[in-house]
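Peer 1: 3D model of this:
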Amino acid sequence: MTTPLASSRPAKRQAPFGFRFVAPLALGSTLNPINSTMIATALVPIAADFHASVAETGWLIAGLYLTSAVAQPTMGRLADLFGPRRVYLASLLLIALAGLVGGIMPSLGGLVAVRVMLGIGTSGAYPSAMRIFRVRADKLGCEPPATAMGVLSMGGTAMLAIGPFLGGVLTSAFGWHAIFAVNVPFALGIMVLVFLWVPKDDRPAEGLGRLLEEVDLPGIGLFTAFLLSLMIFLLNLNHPIWIALPVSVIFCAGLILHSRRRAQPFIDVRMLARNRALSVTYLRAGIMLMMVYCILYGFAQWLESAAGFSEKEAGLITMPMSIVAALSSLAGTRNSSIRMPFLMSIGSSIIGCACLLLLNNSTTAWLISIAVIFFAAPQGMFATATQTAVYMQARAEEIGTAAGLQRTAQYIGAIAATSLLGLVYGQSATDQGLHRLALVMGVLGVVLFVSTIFDRTISRPAKR
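Peer 2: Alright, predicted model coming up:
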């Protein structure tokens with residue numbers, strides 16, 4: 001009796017990335033995007049309760065994005081050093097505390113502080129989940145868990161899209177405090193699932209001394225000052241605060257010099273310099289996510305201000321986009337190459353920009369809903385492809401930090417989107433402003449599409 005010849009290369013085992021393992025990680029990935037966007041429909045009642053101006057309530061948005069941009073790489077580094085499961089659980093506990101305090105907070109300044117707490121807490125979920133995936137796959141010698149990471153991306157993408165509608169429903173039914181309080185049962189429930197279904201970290205946690213050595217407090221301060229001064233300039237382009245621009249350049253230069261001299265810097269410019277593929281991935285993600293946030297915030301403003309739809313109606317119009325975006329996250333895992341999902345996503349956004357040029361305040365709701373669907377792939381498929389690119393291009397020991405920097409690029413894109421919306425809309429969203437926005441995004445999309453075709457860094461793995 002003959003037996004089949006053994007392969008010269010042993011087959012890799014497939015790790016059990018099943019429902020019980022993936023579910024708590026995917027649920028945690030929804031916390032940052034849903035908290036980022038639920039606030040949009042609650043700004044008006046919050047301003048009324050605290051007699052605040054639009055600029056003052058705007059810090060509820062800017063505070064979370066600025067904090068998340070700083071906290072993502074920090075939490076990623078902590079996940080690399082002290083164990084992703086531990087960091088994940090600590091982050092969930094902070095989210096629950098922020099939700100509890102936010103539900104009873106009596107002042108606007110206090111709410112901004114709560115949003116900062118949420119920014120720190122929700123920043124721990126994604127890099128920790130990516131690190132957990134990487135540790136498990138490397139331990140069992142399996143291929144990257146493409147489908148599992150697609151589910152991770154799908155959860156975040158779905159919440160990013162439906163957050164404003166969900167915030168409107170909660171605010172109208174229970175008051176604006178509900179968008180904070182809902183975090184308490186959600187975070188505690190995920191903590192229970194993590195305890196039950198996610199394996200413990202293999203190695204013990206480092207001590208406090210190692211924590212102080214590894215956390216680059218001067219680097220965090222320089223990066224925060226750089227982003228804050230840049231944001232002050234970008235958010236006032238109609239009436240520029242020019243001094244903020246050179247100040248941001250000075251802080252950026254200081255950050256680079258500091259990072260090159262420190263062994264373990266907060267922003268590892270050496271890693272970005274030696275890993276060109278990863279740097280290009282971050283740049284591409286930042287530009288595309290800027291366009292995505294322009295749609296999430298700018299299109300909703302146009303629906304309510306120019307087209308005359310209510311908050312709930314605007315949410316229903318964009319609901320098909322959120323569904324398609326979630327499905328496209330999984331579709332992106334079916335491609336053997338990540339270049340094609342990138343090109344399909346960018347191409348879809350270009351078509352979407354062309355459709356926006358045809359819309360006006362008399363366009364029917366179903367045509368508007370069809371037009372905006374073309375922005376689903378940039379939210380879903382593109383996010384999955386970027387996730388896979390970071391997974392492939394980062395070194396194993398740097399995957400948590402690299403995942404955190406990916407989200408930092410996303411939040412910088414969000415800040416840039418806020419600036420662009422203020423520039424093209426002026427006092428309020430109009431048809432003309434929407435068309436100007438579509439033209440700007442369309443040009444960016446074409447440049448991104450052509451550069452992605454000729455980008456030789458795509459799929460380039462990191463040197464181990």
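
Peer 1: tell me which residues in stretch 255-275 are buried?
Peer 2: Leu255, Ile256, His258, Ser259, Pro265, Phe266, Ile267, Asp268, Met271, Asn275 (16 or more other C-beta atoms under 10 Å). All C-beta atoms are positioned from the backbone trio N, CA, C, and that covers glycine.

Peer 1: correction: the previous question concerned stretch 357-372.
Peer 2: Leu359, Ile368, Ala371, Val372.

Peer 1: what about the second one, which SS state?
Peer 2: Read that as Ile368. Under the three-state scheme (DSSP: H, G, I helix; E, B strand; the rest coil), Ile368 adopts helix.

Peer 1: distance of the residue nearest to it when sequence neighbours are not counted relative to Leu222?
Peer 2: Computed as C-beta to C-beta, 6 or more residues apart in numbering, the closest residue to Ile368 that is not its neighbour in sequence is Ile317, at 5.7 Å. Per C-beta to C-beta, to the nearest Å, Ile317 is found 43 Å from Leu222.

Peer 1: tell me which of these two has more neighbours.
Peer 2: Neighbours were counted for Ile317 and for Leu222 using other C-beta atoms under 10 Å; Leu222 has more, 24 against 21.

Peer 1: the more buried one reaches Phe251, doesn't it?
Peer 2: Yes: Leu222 is in contact with Phe251 according to C-beta atoms under 8 Å; the separation is 5.6 Å.

Peer 1: still on that earlier bit, would you format the buried residues of stretch 357-372 as JSON lines with distance to Ala113 and pLDDT included?
Peer 2: Formatted as JSON lines, those follow (distance: C-beta to C-beta, whole Å; pLDDT from 0 to 100):
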{"residue": "Leu359", "distance to Ala113": "39", "pLDDT": "91"}
{"residue": "Ile368", "distance to Ala113": "38", "pLDDT": "90"}
{"residue": "Ala371", "distance to Ala113": "39", "pLDDT": "89"}
{"residue": "Val372", "distance to Ala113": "35", "pLDDT": "89"}
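
Peer 1: which of those fall within helices?
Peer 2: Judged by DSSP state H, helices contain the following of the buried residues of stretch 357-372: Ile368, Ala371, Val372.

Peer 1: which secondary structure state does Asn238 sit in?
Peer 2: Per three-state DSSP, Asn238 ends up coil.

Peer 1: contacts for stretch 297-316?
Peer 2: Here stretch 297-316 makes contact (C-beta atoms under 8 Å, 6 or more residues apart in numbering) with 40-41, 162, 164-166, 168-169, 172, 317-318, 356, 361, 363, 365, 368, 372, 417-418, 421, 424-425, 428-431, 433-434, 437.

Peer 1: only the buried subset of those, as a PyMOL command please.
Peer 2: Selection of buried members from the contacts of stretch 297-316 for PyMOL, criterion 16+ other C-beta under 10 Å:
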select buried, resi 40+41+162+164+165+166+168+169+172+317+318+356+368+372+417+418+421+424+425+429+430+433+434+437
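
Peer 1: picking that back up, for the residue nearest to Ile368, list the residues it contacts.
Peer 2: By C-beta under 8 Å, 6+ apart, the residues touching Ile317 are Leu303, Phe309, Ala365, Ile368, Ser369, Val372.

Peer 1: just give me the closest of the residues you listed to Leu289.
Peer 2: Val372 (16.7 Å; C-beta to C-beta).
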